[in-house]
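Student: okay, here's the prediction I keep looking at, along with the sequence it came from:
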Amino acid sequence: MIKLQNITKTFTTGTIQTRVLKGITFAVEKSEFVSIMAASGTGKTTLLNILGCLLKATSGSYLLEGTDIETLNDDRLSEIRNKKIGFVFQTFNLLERTSALDNVLLPLVYADVYPADARQKAIRLLESVGLGDRIHYKPGELSGGQQQRVAIARALINDPSIILADEPTGNVDSDSSREIMNILGVLHGQGRIIILVTHDINVARHAGRILYLREGRVDKEEKVSP
Amino acid sequence: MKLMRIAGVSINVIATHKARTALILTAIVIGIATLTVIVSLTQGAQKLIMKRIQNFGPDAIMVHSGAEKIRGPSTAGQANISRKDISDIESVEGVKLASPFQVELDMPIKFGNKFTTAWVFGVEPDWKDAWRRGASKGEFITAADNDQLSKVCVMGQTVVKELFGDSDPIGESVLIGHISFKAVGILEKRGQSPVGTDFDNLILIPFSTASRRLMNQPLYSSMLRVIVHDPSKAKHIAAQIREILRNNHHLALTEEDDFRINTVEEVTEIIKSTSKTLDIFLLLVAVISPIVGGLVLMNIMLIAVSERKREIGLRRAVGAKKKDIVVQFLEESVLLTLAGGVIGVVAGILIAFFIGRYGKPISITYTPFVLAFILSTSIGLFFGIYPARKAASLDPATTLSR
């Protein structure tokens, strides 16, 4: 589970200080699907980076499965990202000139132990997102929706307990968008925490709960009835 | 192993970014090839010099008339070594023989309508023992030739080639100055002297004939070559010879020598001092060119780092530690420089062979291989570490969100 306690983040450019997050407190229970709704420029990416252990908060505490993230060094944070968190980005962030299969295998390059069945596992994951016949395709040869599904397979290769998705449907057509949301639903069903950041209320409604972010604070919270 | 997996990433990047790979490889190849060529050439030159010093002979002491600090032999005009000097030197303990010879430089030589110039040496029969060099064809100068002031000559192979081409000169008459000499033999080939003059552009005639008929120097000898039994005593004997000559020439303590004595040691020193400047210059070029290659590498790697920010951010997001990124970029640099080093050495040796075929002395040893291996690895590490560190220090959050 995840527990944020009064998280703030201030960026300093020269002498100008910008307070992006002004004290965020919320918790996400085990196998919960939460959407964070925010207009652009309200610090949602910053919040996601902090949740993803890519960025440290200026103050406040962040507990991830009982570990106090704010006290960890860079190497430990890398390990946590590698083992516990799967990222899904708006722009997919696949490696160019690299096959879908190798893209899915990427996180394992940095794992301490390389599983013997890594390849089979990657192929299974690609099959599970409907790309079993495209494993040797390079990103340039795939549609936006297909690329995002490769990215989801990549996020799953280490069997993470948390999936962080930043506008995952922002760059794909509506058909693909539906498919991706279905996949996220399936992943949620497998007992993973899904945190989805979006500005699209229709996308946000796939979650069980919506947090509205405004001016660096959680403005209001809404349960979605299934 | 993680290191191998990351190496796989580096190899993949090298293979897929062809233009970049080609640029870096070219820069390193040029650097290492230059180094290899220079090492081969300098070592070749060194070997040649050692051979020339061998030509001088480790057991030889050369006595020159006159104290002028010139290179090459003293001529009959400067001659001041007397008969008594020679017999005194011969009686020094450890001296095997002392062979005097008269020298005139660049005398006109004619045969029919062919013309050349050569050094003319008036020699005694023991010249061939003093120089370990006799006639490769025909006769050498004999004692009888000296007694009778015979007008006979033994020609060096350069002279033969100039005047006779491929035809046989023995029995023919050539004009040295205005006097006609009959060719009786051809001198063994010797190559170049320690200072690089052609030891085959030489004509030998009897000492007496040279002194009285050609060079007008009946009393003194211009040069003396002394051979000692034990090369390690050469320096000591040279000092004794100096004492004898100073005494015989009645030189006061304040006066300088009116002769010059060279042992192989001094000759070696003279040669080394001249080749040193050139060696330092070449060494500089040899070292600088791989460094320039390294700078090219660093430059391109830095560009690569800023082009690949997103990729680096992504790798960090999926779990790469800072040191994993450093390792990836360093492995990329070192693999490229190593490959460049291998190609460079091979290219350099091919070029050296090519130069060698056009007459320059080259020497190919294991040195360039070892040098190239060490140098290209260290270039990869040294010039790769900064871009690699820069890549690792990128903030993954900012590189991804753009």
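Tutor: Yep, that arrived. Numbers count the residues shown, from 1 in each chain, chains lettered A, B, ... in the order given.

Student: buried residues in stretch B:262-272, which are they?
Tutor: Of the residues in stretch B:262-272, B:262-264, B:266-268, B:271 count as buried by neighbour count, 16 or more other Cβ atoms under 10 Å in any protein chain shown. (Each C-beta comes from the backbone N, C-alpha and C, glycine too.)

Student: oh, I was asking about stretch B:50-65
Tutor: For stretch B:50-65, by 16+ other Cβ under 10 Å, it's B:52-53, B:55-57, B:59-65.

Student: ok, stretch B:367-379 next?
Tutor: B:368-369, B:371-372, B:375-376, B:379.

Student: surely residue B:242 is in contact with residue B:261?
Tutor: Yes. Counting by Cβ atoms under 8 Å, residue B:261 is a contact partner of residue B:242 at 5.8 Å.

Student: those two - which one has more neighbours?
Tutor: Neighbour totals were compared for residue B:242 and residue B:261, and residue B:261 leads with 18 against 15 (other Cβ atoms under 10 Å in any protein chain shown).

Student: near chain B, which residues of chain A?
Tutor: A:45-46, A:49, A:52, A:54-55, A:74-75, A:78-79, A:81-83, A:87, A:89, A:93, A:95, A:97-98, A:102, A:106-112, A:114, A:154, A:158 (Cβ under 8 Å from any Cβ of the partner chain).

Student: mind running it again at 6 Å?
Tutor: Proximity of chain A to chain B, by Cβ under 6 Å from any Cβ of the partner chain, involves residues A:45, A:49, A:54-55, A:74-75, A:78, A:81-82, A:87, A:93, A:97, A:106-107, A:109-110.

Student: check contacts around the residue positioned nearest the centre of chain A.
Tutor: The centre of chain A sits closest to residue A:164, judged by Cα atoms, centre = their mean, with a distance of 1.6 Å. Residue A:164 is in contact with A:48, A:51-52, A:87, A:195, counting by Cβ atoms under 6 Å, 6 or more residues apart in numbering or on different chains.

Student: now, which of those lie within strands?
Tutor: Of the contacts of residue A:164, the ones assigned to strands by DSSP state E are A:87, A:195.

Student: out of the contacts of residue A:164, who's nearest residue B:11?
Tutor: Each of these was scored against residue B:11 by Cβ to Cβ, and residue A:87 proved nearest at 25.6 Å.

Student: please name the bridge partners of that closest one.
Tutor: Under the criterion DSSP bridges, residue A:87 forms beta bridges with residue A:164.

Student: which pLDDT does the model give it?
Tutor: We have a pLDDT of 94 for residue A:87.

Student: nearest to residue B:340 among the buried residues of stretch B:367-379?
Tutor: For the buried residues of stretch B:367-379, the nearest to residue B:340 is residue B:376 (6.1 Å; Cβ to Cβ).

Student: which of the three states applies to the closest one?
Tutor: Secondary structure, DSSP: H, G, I helix; E, B strand; the rest coil: residue B:376 is helix.

Student: just checking, it touches residue B:338?
Tutor: Yes. Between residue B:376 and residue B:338 a contact is recorded at 5.5 Å, counting by Cβ atoms under 6 Å.

Student: let's see the pLDDT reported for residue 144.
Tutor: Went with chain A since none was named. So, for residue A:144, pLDDT stands at 92.

Student: that was the other one, I meant chain B.
Tutor: Predicted confidence (pLDDT) at residue B:144: the value is 94.

Student: phi and psi next, for it.
Tutor: With angles defined as degrees, to the nearest 10, residue B:144 sits at phi -60, psi -40.

Student: which one of the residues in chain A is closest to chain B?
Tutor: Here chain A gets closest to chain B at one residue, residue A:82, 2.4 Å apart by Cβ to the nearest Cβ.

Student: what residues does chain B have near chain A?
Tutor: Residues of chain B lying near chain A (Cβ under 6 Å from any Cβ): B:5, B:16, B:314, B:317-322, B:324, B:396-397, B:401.

Student: tell me how many other residues surround residue A:14.
Tutor: 5.

Student: so how far is residue A:55 from it?
Tutor: Applying Cβ to Cβ, to the nearest Å, the value for residue A:14 to residue A:55 is 20 Å.

Student: tabulate the contacts of residue A:164 in TSV, adding columns for neighbour count.
Tutor: Formatted as TSV, those follow (neighbours: other Cβ atoms under 10 Å in any protein chain shown):
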residue	neighbour count
A:48	25
A:51	23
A:52	22
A:87	25
A:195	23
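
Student: so which of the contacts of residue A:164 comes closest to residue B:156?
Tutor: Distance to residue B:156, by Cβ to Cβ, is smallest for residue A:87 among the contacts of residue A:164, at 84.8 Å.

Student: wait, the closest one touches residue B:317, no?
Tutor: Yes. Under the criterion of Cβ under 6 Å, residue A:87 makes contact with residue B:317 at 5.3 Å.

Student: which residues of the stretch 1-150 of chain B fall in helices?
Tutor: Listed in chain order, the helices of the stretch 1-150 of chain B (DSSP state H, counting those that start in this stretch) span B:2-16, B:18-56, B:83-90, B:127-130, B:143-147.

Student: so which residues of chain A form helices?
Tutor: A:44-51, A:74-84, A:100-109, A:118-128, A:144-156, A:174-189, A:201-204 (DSSP state H).

Student: out of those, nearest to residue B:150?
Tutor: Each of the helices of chain A has some distance to residue B:150 by Cβ to Cβ; the shortest is helix A:100-109, at 90.7 Å.

Student: the nearest residue to residue A:185 once chain neighbours are set aside and residue A:184: what is the separation?
Tutor: In space, and not counting its chain neighbours, residue A:185 is closest to residue A:206: 6.4 Å by Cβ to Cβ, 6 or more residues apart in numbering or on different chains. Plainly put, residue A:206 is 7 Å away from residue A:184 if you go by Cβ to Cβ.

Student: the two - which one has more neighbours?
Tutor: Taking other Cβ under 10 Å, residue A:206 and residue A:184 do not tie; residue A:184 has more neighbours (23 against 20).

Student: which residues touch the more buried one?
Tutor: Neighbouring residues of residue A:184 by Cβ under 6 Å, 6+ apart: residue A:194.

Student: redo that, cut-off 8 Å
Tutor: Neighbour list for residue A:184: A:33, A:152, A:163, A:165, A:168, A:194, A:196, A:206 [criterion: Cβ atoms under 8 Å, 6 or more residues apart in numbering or on different chains].

Student: just give me the closest of those to residue B:205.
Tutor: For those, the nearest to residue B:205 is residue A:152 (99.8 Å; Cβ to Cβ).

Student: that closest one reaches residue A:129, doesn't it?
Tutor: Yes. Checked against Cβ under 8 Å, the pair residue A:152 and residue A:129 is within contact range at 5.7 Å.

Student: picking up where we left off before, ok, the residues of chain B next to chain A vs residue A:202, which is closest?
Tutor: residue B:401 (23.7 Å).
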